[in-house]
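J.: Predicted coordinates and the sequence they were generated for:
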Amino acid sequence: MMSSSSEDISTDHEDDPVRVTQSDSGEEVVIPVVEEEEDEQVLLQDCLDAFVSKDFIMEPAVFAFLKRYFQSGGSPEQVVQLLSNNYQAVAQTVNLLAEWLILTGVPAIDVQHMVESHYSQLIVKYFDPKKADSIFSEEGETPSWLIGMIQQITWRRLFYQLAEMHPDCVMLNFTLKLISDAGFQEEIANVTTACQQIDIFSRSVLQTTIKSILQGGEDALMRMLPEFTKMVCHGEHTYLYTMLILSNLSQETSHPCIVRRLIEELERASSAQPTHDISVLGMLMTPSAKYPRGCIAMAAMLNKCALNPADITVLFKLFSGKDPPPVQLIRHPSFLELLVDSFFNPAVKLNPEHKPKYSYLLSYACSVIETWRGGERRSINRDEMRRTQQAVDKLHEFIHNQQSGAGTEILNQLSMLYQAIGLSPICSMGLLHWIRTTVKNGDYFQVQSGQTPVHLALLDELANCHPLQHPDILKLLIELFETSFTTLDEISTLDIKKTILDRMIHLLSRGYIIPVIEYIGRCANNQDIDRSLIRHFVTEVLEMVAPPYSPEFVNAMLPIVENEAITGPLIDMAVEGELDSVSEFLEDCKRLKLLPEKKGDPSSPTKSKKDRDLGKERTDHGWNKERKDHRSRDHRSRKDKTRKTRKKVRTSDVDEYSSESESDEDRNLSSIRISAKKKSGDKKNLTLRISSSHKTRNKDDV
């Protein structure tokens, strides 16, 4: 302890005053005298500068400044005057206006959203990462206000937006970690800044996304894949780390196919960047690394995006030996696409000497089954390989023997084609590739004589046998449907597009429902698409389906049905006293409580012809109560009978093709099954339903 006695002295060589004091032991201690008066003036001026700022009395630091001000000898009257003169009550004015809005009838939640949205815009506009880091460091611990903000979704989204704009801000990066620790990992999965912190990336991106994909299946994969690839390909470190995790996971999880699909999609996305060469990286993470010659041959072809006979020969020798590499080596999607194009594209001429090698590798990749345990191969099953290779060779020979695209030579080989389609998915993919190259030829549809082209009829069989190829079939049909056909007249173009639309309807009948309807919904909003085509689609689909309907189907189909430009003529053509298909569909949806309430909507497209003529307003989407009361009992029984008939048509609309029970001549007609429905009041009005969605042109054709 220092003694209280002290004195100030000055030395000869120093101008600064010092203070001499004596310690408890009797020794003298010399301490320089701090210019306290000057420091107090500086502190007072700092406090006064703060007090003159607008609404400083509302700042959290006002008490710390007041304490410092009074300790420095500040005047209470002055501080009161400064704080009161600069108080403008901005926050209180906002609260008052919010209360007035609520009193005028605006919902409180809407007012809250308006205020929070405006605050968010101001914060984004004026945010300074340096000031944020300084405030964060001064606190010394996690601020209480920050803990409260991350509990609300509005402010969490604000932090995500700021983190994308200021990735180097320490305060924002720490906030992301707090959000992840608080249990909101799914929200951070799409924040690019999360890739900079390995713990957040592992927990919020990898763990959350992979778990959701494994539980959600194909739908979750397609929905989350774009953002997932963007996050993983953010940098080299995230890509390598993710590939290592997925490679180990593919050998341990119960869903190895889904994990392998993720790896392939990531490789495809990263290969799209020309500066990154990762073709060998994926092979080194698999047991294929034990076969360097095979990896080098594969990498050479993948880098050039072209097949090389020399590299094909190397792979053929390896896979035809006693200890072949893992089949996963040649199951790379890009390599299989190159093989399919070289084998099933009529424009590609293979060397007869190397053709068996191409066929062998393609069949091996698509039919051989391996069993692995603990990183070691236990067995190889090649039972289906010989039959697959024979079918592939036959298809290759058939495709390259075709002399024209008219399809006259196909009729004699339909039995072989149908058998090959049902035998192996690779044969189906090969035929699909051949059909694509054929029908996209500029003059293909010019040589057709008004009937359904055989190539398009084959798409129905592909859809019947291989559901996993439905997206590729729909993609081809969309490309054809959106083709302009400038060399054809308008009527011929309309007939061709109607035929293509029938293929989409058949695809819908095979279970690929929502994607087809969503595409037609986009076409319904396109003014360039003929409305009669959309009307034809609606008519066929409504005659095909029967309740109960899923909410997804209703949500996709309802906007098309409610479009009066499309369904209005269908309602006008309905026979008086009968329930048209559009109104019946809407009534079923309403009965099942699948329709949104639209009270007092006079523009509803479901008005009947009689109601529209009388100008009556409808408040529901089905029959109005007046017509329901006057409908006779006979009409009700007829409606129930029609519904039962349609249900039978729906469940047996398209049957599998049976090569044992049908002759080749019957198969040439694509197993046409026709059911005629006679409209009451017009005996000549027949609707011909064909199982392959092929439409006969007139009654004589039937």
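T.: Good, I have the coordinates. Numbering: from 1, shown residues only.

J.: Sketch out the low-pLDDT regions of the stretch 451-600 of the chain for me.
T.: Applying pLDDT under 70 to the stretch 451-600 of the chain flags residues 574-579, 594-600.

J.: so where do the helices sit in it?
T.: Applying DSSP state H, counting those that start in this stretch to the stretch 451-600 of the chain gives helices spanning 454-465, 470-481, 490-509, 514-524, 531-544, 551-561, 564-572, 581-591.

J.: possible to save those helices as CSV with mean neighbour count and distance to residue 376?
T.: Placement of C-beta: from N, CA and C, glycine included. Putting these into CSV (neighbours: other CB atoms under 10 Å; distance: least, CB to CB, whole Å) gives the following:
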stretch, mean neighbour count, distance to residue 376
helix 454-465, 23, 35
helix 470-481, 18, 35
helix 490-509, 20, 43
helix 514-524, 18, 41
helix 531-544, 19, 52
helix 551-561, 18, 44
helix 564-572, 17, 61
helix 581-591, 21, 57
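
J.: wait, which of those helices is closest to residue 125?
T.: helix 514-524 (36.4 Å; CB to CB).

J.: Pick out the residue nearest the middle of this structure.
T.: residue 223 (2.9 Å; CA atoms, centre = their mean).

J.: Run the angle between whichever strand or helix holds it and helix 514-524 for me.
T.: Assessed by DSSP states H and E, residue 223 sits inside helix 208-232. Calculated by axes from the mean of the first three to the mean of the last three CA atoms, to 10 degrees, helix 208-232 forms an angle of 50 degrees with helix 514-524.

J.: for helix 208-232, packing partners?
T.: For helix 208-232, the packing partners by 3 or more CB pairs under 8 Å, 6 or more residues apart in numbering; DSSP states H and E come out as helix 185-188, helix 236-250, helix 256-271.

J.: mind checking which of those is nearest residue 590?
T.: Short answer: helix 185-188, nearest of the helices and strands packed on helix 208-232 by CB to CB, at 35.9 Å.

J.: so what does that closest one touch, helix or strand wise?
T.: For helix 185-188, the packing partners by 3+ CB pairs under 8 Å, 6+ apart come out as helix 153-165, helix 170-181, helix 208-232.

J.: Need the per-residue pLDDT for the residue nearest to the centre of the chain.
T.: Per-residue confidence at residue 223 stands at 84 (pLDDT).

J.: Please report how far it lies from residue 212.
T.: Plainly put, residue 223 is 9 Å away from residue 212 if you go by CB to CB, to the nearest Å.

J.: Also residue 268?
T.: 20 Å.

J.: one step back: could you give the number of residues near the residue nearest to the residue nearest to the centre of the chain when sequence neighbours are not counted?
T.: Leaving aside its chain neighbours, residue 223 sits nearest to residue 216 (7.8 Å; criterion: CB to CB, 6 or more residues apart in numbering). Residue 216: 14 surrounding residues under other CB atoms under 10 Å.

J.: With only the CA atoms kept, save stretch 313-325 in PDB.
T.: Extracted as PDB, the C-alpha positions of stretch 313-325 are listed here (Å, rounded to 0.1, in the frame of the first residue of the first chain):
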ATOM      1  CA  THR A 313      -9.200 -51.200 -76.300                       C
ATOM      2  CA  VAL A 314      -7.500 -50.600 -73.000                       C
ATOM      3  CA  LEU A 315     -10.800 -50.700 -71.100                       C
ATOM      4  CA  PHE A 316     -12.000 -53.700 -73.100                       C
ATOM      5  CA  LYS A 317      -8.900 -55.800 -72.200                       C
ATOM      6  CA  LEU A 318      -9.200 -54.800 -68.500                       C
ATOM      7  CA  PHE A 319     -12.900 -55.600 -68.200                       C
ATOM      8  CA  SER A 320     -12.700 -58.900 -70.200                       C
ATOM      9  CA  GLY A 321      -9.900 -60.100 -67.900                       C
ATOM     10  CA  LYS A 322     -10.000 -62.300 -64.800                       C
ATOM     11  CA  ASP A 323      -9.800 -59.400 -62.400                       C
ATOM     12  CA  PRO A 324     -11.700 -56.600 -64.000                       C
ATOM     13  CA  PRO A 325     -11.900 -53.100 -62.400                       C
END
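
J.: for the record, mean pLDDT for that stretch?
T.: Regarding stretch 313-325, the rounded mean pLDDT is 92.

J.: For it, buried residues please.
T.: By 16 or more other CB atoms under 10 Å, the buried positions in stretch 313-325 come out as 314-316, 318-319, 324-325.

J.: just stretch 170-184 next, same as before
T.: 171-173, 175-177, 179-180, 184.

J.: Between those, which sits nearest residue 200?
T.: Scanning those for proximity to residue 200, where the rule is CB to CB, the winner is residue 180, at 5.0 Å.

J.: Quick check: the closest one touching residue 204?
T.: Yes - with contact defined as CB atoms under 8 Å, residue 180 and residue 204 form a contacting pair (5.2 Å).

J.: The stretch 1-150 of the chain: helices as residue ranges?
T.: Going by DSSP H, counting those that start in this stretch, the stretch 1-150 of the chain shows helices at 36-51, 62-71, 76-85, 90-103, 108-126, 129-139, 144-149.
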